[in-house]
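# got a sequence here, can you build the structure:
(one chain, ligands or ions: 1)
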Amino acid sequence: MRLYWEAYSETFTIEDLIRGMYNPLRDYEDEFIDGAIVDIGCGQTTFLFDYLNTNRKLIGIDNDQFQLDQLKNRLDTFQNTSANIELLNFTLLTDALPLETYSVVFLANILHFFDFEQCRKILSQLKMNLVPGSFIYVCCHSDKYYMNDPSNPENNSYFKHYFTLADLDALFIASDFERLMYSETERLSSKKEMQTQEKWLEKHLDYLEIFDESERELIIEEHLINNPEADIIAIYRLLQQN
Ligand SMILES: C[S@@+](CC[C@H](N)C(=O)[O-])C[C@H]1O[C@@H](n2cnc3c(N)ncnc32)[C@H](O)[C@@H]1O
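Below is the predicted model:
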């Protein structure tokens with residue numbers, strides 16, 4: 001993924017990322033309890049940008065140091081921010097999560113890298129830091145995602161699980177969590193996102209030392225397809241600890 005994230009940081013400015021952010025938790029901000037705002041699998045496109053002007057503790061967790069370094073560079077461009085922010089290179093399910101009260105947890109585009117049992121484990125780890133009133137935002141690829149083909153034995157080799165609402169509700173069970181919203185989305189990539197993919201393909205071909213122009217063109221034409229991405233987004237709030 002390194003080459004992709006490199007292409008991504010070269011294409012998107014921090015202003016692009018902030019303007020492109022859709023954060024449905026904004027509707028519930030007045031109801032946030034005390035505690036840290038934590039983005040797990042934050043990458044460089046983190047929801048933490050939305051909370052830089054609050055005095056909350058902000059924690060970004062990712063296991064790719066390149067992504068964390070890019071995020072740090074982006075944050076450094078906010079010269080006036082006195083945000084209390086920690087960026088941690090932790091691997092989910094391998095490293096213990098930092099122990100404190102989490103007011104809000106973002107799980108954006110991360111759960112589909114884990115199978116369902118692993119997602120259950122992630123949630124039980126997380127719960128050690130949640131208190132009644134804590135919010136969890138989830139965005140993950142849905143079962144309508146273009147790559148999801150259950151008849152293919154390799155279906156879960158890259159993305160480990162494609163989610164339905166019932167799957168999410170089975171993780172965030174109704175006796176413990178209330179679901180405040182959910183939506184299913186399908187969208188085509190923007191021109192800028194497609195440019196990122198093209199840049200990434202170019203970098204990959206350089207890496208493979210394929211320099212013949214016509215061969216490069218053919219490979220790019222074959223791989224540069226704007227497939228619609230189908231996701232499911234949900235917000236849950238913890239009612240009680242069990
Ligand atoms: C698709 S990106 C999502 C970035 C951002 N949350 C967003 O929605 O745009 C997934 C991120 O999760 C990180 N990641 C993947 N597996 C991880 C793991 N096991 N532990 C921690 N971070 C992980 C990757 O390094 C990457 O930055």
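
# after the helix or strand of the chain with the lowest mean pLDDT comes which helix or strand?
Using mean pLDDT, DSSP states H and E, helix 14-19 stands out as the lowest-scoring helix or strand of the chain, at a mean of 90. Toward the C-terminus, helix 14-19 is succeeded by strand 36-40 as the next helix or strand (DSSP states H and E).

# list the contacts of that next one.
Strand 36-40 is contacted by residues 46-48, 51, 54, 56-61, 92, 97, 100-108, 110, 129 when judged by C-beta atoms under 8 Å, 6 or more residues apart in numbering. C-beta: built from backbone N, CA, C; applies to glycine.

# what are the pairing partners of the following helix or strand past it, and which direction each?
Proceeding C-terminally, strand 36-40 gives way to strand 57-62 as the next helix or strand, assigned by DSSP H and E. Each strand pairing with strand 57-62, determined using DSSP bridges, is listed with its direction: strand 36-40 (parallel), strand 84-89 (parallel).

# show me the protein divided up by domain.
Split into domains by automatic domain parsing, the chain comes to 13-188+228-238, 189-226.

# interface residues of this structure facing the ligand?
Contact residues (C-beta under 6 Å from any ligand atom) of the chain with the ligand: 41-43, 45, 62-64, 67, 91-92, 108-110, 113.

# list the buried residues for the longest helix seen in the chain?
Counting residues, the longest helix in the chain under DSSP state H turns out to be helix 191-207. Across helix 191-207, burial judged by 16 or more other C-beta atoms under 10 Å covers 193, 196-197, 199-201, 203-205.

# go on, stretch 57-72?
Neighbour-count burial for stretch 57-72, with 16+ other C-beta under 10 Å as criterion, is recorded at 57-62, 64, 67-68, 70-71.
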